[in-house]
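> Okay, predicted coordinates and the sequence, questions at the end:
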Amino acid sequence: MKTQVAIIGGGPSGLLLSLLLQKAGIDSVVLERQTKEHVLGRIRAGVLEQGLVGLMRDVGVADRLDKEGILHDGTVLSYGEDRLRIDFREHTGTPVVVYGQTEVTRDLYDARDRLGMDTVFEVEDVTLHDLDSDAPSVSFTKGGDTVRIDCDFVAGCDGFHGVSRKSIPASVLREYERVYPFGWLGILSETPPIHEELIYANSDRGFALCSMRNPMLSRYYVQCSLSDKVEDWSDEAFWDELKRRIPSVDAANLVTGPSIEKSIAPLRSYVCEPMRWGRLFLCGDAAHIVPPTGAKGLNSAAADVHYLNEALRDHYLNGSDAGIDSYSARALARVWKVERFSWWMTSLLHRFPDQNDFDLKMQQAELAFLRESDAARSALATNYVGLPY
Ligand SMILES: Cc1cc2nc3c(=O)[nH]c(=O)nc-3n(C[C@H](O)[C@H](O)[C@H](O)COP(=O)(O)OP(=O)(O)OC[C@H]3O[C@@H](n4cnc5c(N)ncnc54)[C@H](O)[C@@H]3O)c2cc1C
């Protein structure tokens, strides 16, 4: 096989990139390790920045998003019984859009199907070759056959556990990481959301988040121990714990019901540098991970895709490699600011096992400052709605 850009990974980064390239007349092939059903079944992010919404519109896949996405003009932070609303529209003029990653991924696959773009699912043993030459290639096996794709470039959109990042020599790759000493236990339930906006709660029992996907689908999380197992948590135990972590005025509005999904995610901050090596570019979770506090994972993947699309368009349409040469630096400049914000939100809102009274006072002082300072609320809103590309 032959293509211009071989895209490893059929998650949101790879799919969005493929559609942007297609629009520019650049040919690509997407390789995905899982089945389509598996990819579409993953419950992940749910809050979209305008940058991602704009990219979805660019590739003509935003009809459902524009119809069903819920605009949020603000969010609530709480500490015990104290509530503080951050008004995004007042501070930035911009809302965020609540629309599930599952729906984003479905819309992207549907558009690719309409355009007759092929995804090769259930590929195994994906291996990247000659990335530091002018003639890279990708090989994989499928149904016992080995296939090779010759290409100009490889886009590593294969998430944190993919092969792309591991193809960069250890002597080149620098990794920066913080692993947090807790996880998030999340449930999805077909119940109306507790509140019209998200509630990020810091309580003496730990963090909780009240989120949603649509008017009849709620997503709730509680901070949990890394040793907890999903089976340890009955639905009743989850609802009881959630109620105890949020202000009583909100707890009174909680509608409970059976969970239709329940999972535990560990929290991690991670960045690798560089995000380009030879003819390989990393996008999204393949290059960086944020803890979900602040809803930045999917959104920062979209920013990388934007930079890479611009770089490849410049190469193919304008004969300039300036975008390719600056891709890693441009992407990382934004990534690090997003990492800072996600780390800060996580530090502000969680209870850490080794936290002492001084640390708790620091959290309280941060929240008091947010309450009193227009500039502090503005900084939070600016980061939450998304830094510009
Ligand atoms: C459990 C969980 C919960 C999350 N919750 C949130 C949230 O609430 N808010 C938020 O903002 N973000 C959240 N995130 C982060 C967000 O989902 C990711 O940032 C986003 O999915 C990144 O998209 P991506 O396309 O870069 O990577 P992925 O979505 O990981 O897609 C990578 C794709 O590559 C495929 N792949 C892997 N290896 C190979 C290979 N060798 N060959 C071919 N294909 C391969 C994978 O199967 C996958 O389909 C969550 C992530 C996880 C894991």
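Now that the structure is in, tell me what you want to look at. Residues are numbered from 1 along each chain as shown.
> Close to the ligand: what parts of the stretch 101-250 of the chain are there?
101, 123, 126, 157, 158, 159, 162, 163 (C-beta under 6 Å from any ligand atom). Heads up, the C-betas are built off the backbone N, CA and C, glycines and all.
> Thought residue 166 was touching the fifth one, still the case?
No. Shown here, residue 158 and residue 166 do not form a contact pair, counting by C-beta atoms under 8 Å, at 9.8 Å.
> So the two - more neighbours on which side?
residue 158 (27 against 14; other C-beta atoms under 10 Å).
> Can you classify that one by secondary structure?
Look at residue 158: counting by DSSP: H, G, I helix; E, B strand; the rest coil, its state is coil.
> How about it, nearest residue that isn't a chain neighbour?
Spatial nearest neighbour of residue 158, excluding adjacent residues (C-beta to C-beta, 6 or more residues apart in numbering): residue 9 at 3.5 Å.
> for the biggest helix by length in the chain, packing partners?
Longest helix in the chain by number of residues (criterion: DSSP state H): helix 322-349. Using 3 or more C-beta pairs under 8 Å, 6 or more residues apart in numbering; DSSP states H and E, the elements in contact with helix 322-349 are strand 199-203, strand 259-273, strand 276-277, strand 288-289, helix 297-318, helix 357-372, helix 374-385.
> For the residue of the stretch 201-350 of the chain found nearest the ligand, list the residues it contacts.
Proximity of the stretch 201-350 of the chain to the ligand (C-beta to the nearest ligand atom) peaks at residue 284, 2.2 Å away. When contacts are counted by C-beta atoms under 8 Å, 6 or more residues apart in numbering, residue 284 touches 11, 12, 13, 157, 159, 300, 301, 304, 305.
> now the stretch 1-150 of the chain, which segments are flagged as low pLDDT?
Low-confidence regions of the stretch 1-150 of the chain, defined here as pLDDT under 70, do not occur.
> Helices of that one, start to end?
12-23, 36-40, 50-58, 63-68, 88-92, 101-114 (DSSP state H, counting those that start in this stretch).
> so of these, which one's packed in deepest?
Burial of those is given as mean neighbour count (mean count of other C-beta atoms under 10 Å); helix 12-23 ranks first at a mean of 25.
> what bridges to residue 207?
Residue 207 forms beta bridges with residue 202, as assigned by DSSP bridges.
> Read off the pLDDT value for it.
Looking at residue 207, its pLDDT is 98.
> give me the number of residues near it?
Counted with other C-beta under 10 Å, residue 207 comes out at 22.
> Just confirm it contacts residue 352, I think it does.
No. With contact defined as C-beta under 8 Å, residue 207 does not count as touching residue 352 (10.2 Å).
> burial count for residue 238?
Residue 238 has 21 neighbouring residues, counting by other C-beta under 10 Å.
> a helix runs through it, doesn't it?
Yes. Residue 238 sits within a helix when classified using three-state DSSP.
> That one against residue 188, yeah?
No. Assessed by C-beta under 8 Å, residue 238 is found out of contact with residue 188, at 11.4 Å.
> Overlap in contacts, those two.
259, 262.
> so how far is the ligand from the nearest residue to residue 200 once chain neighbours are set aside?
Leaving aside its chain neighbours, residue 200 sits nearest to residue 77 (5.1 Å; criterion: C-beta to C-beta, 6+ apart). Distance, residue 77 to the ligand, using C-beta to the nearest ligand atom, to the nearest Å: 17 Å.
> Run a quick neighbour tally on residue 77.
Count around residue 77 with other C-beta under 10 Å applied: 23.
> got it, and residue 1?
Other residues close to residue 1 by other C-beta under 10 Å number 12.
> can you pull the contacts of the residue nearest to it when sequence neighbours are not counted?
Setting aside the residues directly before and after it, residue 1 is nearest to residue 149 in space (C-beta to C-beta, 6+ apart), at 4.4 Å. Residues in contact with residue 149 (C-beta under 8 Å, 6+ apart) are 1, 2, 3, 6, 29, 137, 138, 139.
> Kindly recompute the last result at 10 Å.
Neighbour list for residue 149: 1-3, 6, 29, 31, 120, 129, 136-140 [criterion: C-beta atoms under 10 Å, 6 or more residues apart in numbering].
> Nearest to the ligand among those residues?
For the contacts of residue 149, the nearest to the ligand is residue 31 (4.9 Å; C-beta to the nearest ligand atom).
> Residue 344 touches residue 366, doesn't it?
Yes. With contact defined as C-beta atoms under 10 Å, residue 344 reaches residue 366; the gap is 8.6 Å.
> How is residue 183 assigned, secondary-structure-wise?
Using three-state DSSP, the structure places residue 183 in strand.
> Name the residues linked to it by a beta bridge.
Under the criterion DSSP bridges, residue 183 forms beta bridges with residue 224, residue 266.
> Name the residues of the stretch 251-389 of the chain found near the ligand, please.
265, 284, 285, 292, 295, 296, 297, 298, 301.
> and these, which are buried?
284, 285, 292, 295, 296, 297, 298, 301 (16 or more other C-beta atoms under 10 Å).
> These into JSON lines, with extra columns for pLDDT?
Below are those laid out as JSON lines (pLDDT from 0 to 100):
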{"residue": "284", "pLDDT": "98"}
{"residue": "285", "pLDDT": "98"}
{"residue": "292", "pLDDT": "96"}
{"residue": "295", "pLDDT": "95"}
{"residue": "296", "pLDDT": "97"}
{"residue": "297", "pLDDT": "97"}
{"residue": "298", "pLDDT": "97"}
{"residue": "301", "pLDDT": "98"}
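> Go through stretch 131-148 and flag the buried ones.
In stretch 131-148, counting by 16+ other C-beta under 10 Å, buried: 131, 136, 137, 138, 140.
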